[in-house]
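Visitor: Pasting the sequence and the predicted model now:
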Amino acid sequence: MDIRPLTDAYSVTPQILPEDIPAIAAAGFTTVICNRPDAENPAPLHAEAMRAAVEGAGMTFVVNPVFPGQLTMENVDTQRAAIDGARGKVLAYCASGNRSSIVWALANAGRVPTDTMIAAGAQYGYQLGQFREMIDRLARG
């Protein structure tokens, strides 16, 4: 498990495993967002199996699959609602953390300066700069 904090309250990580759940809870996360579609994973890592483990550890679990190249405004709205509804730190995961960083940046358009979000992702190799125009357009409403 490689937790990458983009802010004090939101981190991303590549795919988590059921055995990672106790450490995630111990690190103070209260919400886990799955941005990975089930089709990318074997059955033991499907969202509902992970939900059972996460909720069993006392955390909230949100399923918001982001299909490669098919990010939707529904994904953005779901991510924003999960972040806003969290009662503590949020951990989002996908295959590499990249999709979780992109949907976070879009969900926070107009709330966090675009340059700040791009820099937060860049420290982990996430190329959020290519989404600058979209982030700025969402920020303008």
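Guide: That came through, no problem.

Visitor: going forward, measure contacts between C-alpha atoms and count neighbours the same way
Guide: Fine.

Visitor: mind listing the strands in the chain by residue range?
Guide: Assigned by DSSP state E, the chain shows strands spanning 4-5, 10-13, 29-34, 60-63, 89-93.

Visitor: in this protein, which helix has the most residues?
Guide: The single longest helix within the chain, with elements called by DSSP state H, is helix 73-85.

Visitor: what about that helix, average pLDDT?
Guide: In this model, helix 73-85 has a mean pLDDT of 96.

Visitor: how much does that helix deviate in direction from strand 29-34?
Guide: Using axes from the mean of the first three to the mean of the last three Cα atoms, to 10 degrees, the direction of helix 73-85 lies 170 degrees away from that of strand 29-34.

Visitor: and the gap between the residue nearest the centre of the chain and residue 38?
Guide: What sits nearest the mean C-alpha location of the chain, by Cα atoms, centre = their mean, is residue 92, with 2.9 Å. Between residue 92 and residue 38 the computed distance is 15 Å (Cα to Cα, to the nearest Å).

Visitor: Point out where this protein drops to low pLDDT.
Guide: Within the chain, no range satisfies pLDDT under 70.

Visitor: which residues does residue 61 bridge with?
Guide: In this entry, residue 61 is beta-bridged to residue 32, by DSSP bridges.

Visitor: That one reaches residue 48, doesn't it?
Guide: No. Assessed by Cα atoms under 8 Å, residue 61 is found out of contact with residue 48, at 9.4 Å.
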